[in-house]
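In: Need coordinates for the following:
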Amino acid sequence: MKTLKKLFSTVLALAFCASLCLAPCAYASSGKYVYDEYGVLNTEQIDSLEKQAAQMASDYNEGVYLLITDTMGTSDPSPTERNNFARSFYEANGLGVGADKEGIIFVIAIDSRDYVTVKKQVSSDPFSDDGVDALESRVTEYLSNNHWSAAADEYYNTVEEQLSFYAATGNQWSEPDP
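Out: Predicted coordinates for the structure are as follows:
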């Protein structure tokens, strides 16, 4: 009986130690989703967006990222330079969810007034070109008025709308014809 109690307590202690080791791994895999290098969002806004992004990563296996920075390297970047800037940031920071590191990132360069959406899809692509265009159109309405928080909220809400549609139908979302 004494040996059985000792064995049981040892197993419990090992389980407890394992749970302590796994907790940081689970947190690390959830990652960071909002990068506000310019400082236009407050802590509460960032926390709310991070929570929404983490939920989308869990629900849809899709990383949804936002970068707010000053410029994309030059004062007037070409579309190719904007795409390269966003892709470089995505890769350099190890962004993406799952083995294929899938995700989408929206980059806002405040000083140069540029933006770009880049997606990395391997196994499936929930974002049509129409969907990306609609996303950018919805967000830029807020950007033109310097409503950074509203732009960030709109970005995450629109991406969630498109991911939800894709999950429910298996089809990419597209803007309805006017």
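In: Burial check on Gln52, number of neighbours?
Out: Using other Cβ atoms under 10 Å, Gln52 is surrounded by 19 other residues. In short, each C-beta sits where N, CA and C put it, glycine included.
In: any idea of the mean pLDDT in the host helix or strand of it?
Out: Using DSSP states H and E, Gln52 maps to helix 43-60. Throughout helix 43-60, pLDDT has a mean value of 96.
In: Show me what it is packed up against.
Out: Applying 3 or more Cβ pairs under 8 Å, 6 or more residues apart in numbering; DSSP states H and E, one finds that helix 43-60 makes contact with strand 34-36, strand 63-69, helix 148-169.
In: What is the last one packed up against?
Out: Helix 148-169 makes packing contacts with helix 43-60, strand 63-69, strand 103-109, helix 129-143 when contacts are defined by 3+ Cβ pairs under 8 Å, 6+ apart.
In: So in the protein, where's the weakest helix or strand by average pLDDT?
Out: helix 2-30 (a mean of 38; mean pLDDT, DSSP states H and E).
In: mind checking how far the helix holding Gln52 is from the chain centre?
Out: Its chain's C-alpha centre and that of helix 43-60 lie 8 Å apart, by Cα atoms, centre = their mean, to the nearest Å.
In: which parts of that helix are buried?
Out: Neighbour-count burial for helix 43-60, counted by 16 or more other Cβ atoms under 10 Å, picks out 45-46, 48-50, 52-54, 56-57, 60.
In: Nearest to Phe89, out of the residues you listed: which one, please.
Out: Set against Phe89, the nearest of those by Cβ to Cβ is Ala53 (15.7 Å).
In: which residue packs closest to that closest one, ignoring adjacent ones?
Out: Setting aside the residues directly before and after it, Ala53 is nearest to Tyr33 in space (Cβ to Cβ, 6 or more residues apart in numbering), at 3.5 Å.
In: residue contacts, the residue positioned nearest the centre of the chain?
Out: For the chain, the residue nearest the mean C-alpha position is Val64 (2.0 Å; Cα atoms, centre = their mean). Going by Cβ atoms under 8 Å, 6 or more residues apart in numbering, Val64 touches 33, 53, 56-57, 103-104, 156, 159-160, 163.
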